[in-house]
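Participant: no sequence on hand, only this structure:
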């Protein structure tokens, strides 16, 4: 179908060109031009077939590489099949894992927080708590450990009703176990 359309289009172009030249009676030139167009069209089809085969080979090679990458340490970049792992490490925007790492520094420093900083800790605590409910066994335990410093800060602030103060005092929190749990969780998801 494609070859016929291309040939008809090329033939039409040749006839239009011949009409513009004012020499529409030169059948030899028209036949030669048509033959050249058909030869070019066949070459194009062969090139297209070869390109398609090469593209298929590349796609197959890429598919194998992707599968091989998902088995090893590159799983976080390639896609996780476990929904809890995917939710924690691959959520759109900033993944929960990156947000947790950033908040470990903030709550670990023990400095007073402004309401915006506290709301980030509170939101992260809620998101991880929801994820713990979806997790089972070791995943739930690891996520609970990851969330422990955030939970401690939120509990301390809400028990004092200090969440809306311009400066929110937070307790001194040790994040070492939570950071270790985050590394263990990442390794279990890989």
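Facilitator: Happy to help now that I have it. Just so we're clear, the structure is a prediction, and the values are computed from it rather than from any experiment. Numbers count the residues shown, from 1 in each chain.

Participant: going forward, measure contacts and count neighbours with C-alpha atoms only.
Facilitator: OK.

Participant: and the one helix or strand residue 124 maps to, what's buried?
Facilitator: If you go by DSSP states H and E, residue 124 is part of helix 115-134. Neighbour-count burial for helix 115-134, counted by 16 or more other C-alpha atoms under 10 Å, picks out 115, 118, 121, 122, 124, 125, 126, 128, 129, 131, 132.

Participant: so which elements touch the helix or strand following that helix?
Facilitator: Note on helix 115-134: by DSSP H and E, the next helix or strand toward the C-terminus is helix 137-159. On a contact count with 3 or more C-alpha pairs under 8 Å, 6 or more residues apart in numbering; DSSP states H and E, helix 137-159 meets helix 96-109, helix 115-134, helix 176-189.

Participant: can you put those in TSV and add distance to residue 83?
Facilitator: Formatted as TSV, the helices and strands packed on helix 137-159 follow (distance: least, C-alpha to C-alpha, whole Å):
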stretch	distance to residue 83
helix 96-109	13
helix 115-134	9
helix 176-189	10
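
Participant: residue 86: which of those is closest?
Facilitator: Closest to residue 86 of these, according to C-alpha to C-alpha: helix 176-189, at 8.5 Å.

Participant: next, the angle from that closest one to helix 96-109.
Facilitator: When axes from the mean of the first three to the mean of the last three C-alpha atoms, to 10 degrees is applied, the directions of helix 176-189 and helix 96-109 differ by 170 degrees.

Participant: which other helices and strands contact helix 176-189?
Facilitator: helix 96-109, helix 137-159.

Participant: pick the most deeply packed of these.
Facilitator: Mean neighbour count (mean count of other C-alpha atoms under 10 Å) peaks for helix 137-159 among these, with a mean of 19.

Participant: any idea of the mean pLDDT in that helix?
Facilitator: Mean per-residue pLDDT for helix 137-159: 94.

Participant: go on, stretch 122-131?
Facilitator: Rounded mean pLDDT across stretch 122-131 is 96.

Participant: what does it rub up against?
Facilitator: Residues outside stretch 122-131 that contact it (C-alpha atoms under 8 Å, 6 or more residues apart in numbering): 84, 87, 88, 96, 99, 100, 143, 144, 147, 150, 151, 154.

Participant: could these go into TSV alongside distance to residue 107?
Facilitator: Listed next are these as TSV, based on distance: C-alpha to C-alpha, whole Å:
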residue	distance to residue 107
84	24
87	23
88	20
96	16
99	12
100	10
143	17
144	16
147	12
150	8
151	11
154	11
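
Participant: okay, now the unreliable bits of the chain?
Facilitator: Judged by pLDDT under 70, the chain has its weakly predicted residues at 1-79, 163.

Participant: first-to-last residue distance for stretch 85-96?
Facilitator: Stretch 85-96 has an end-to-end distance of 10 Å (C-alpha to C-alpha, to the nearest Å).
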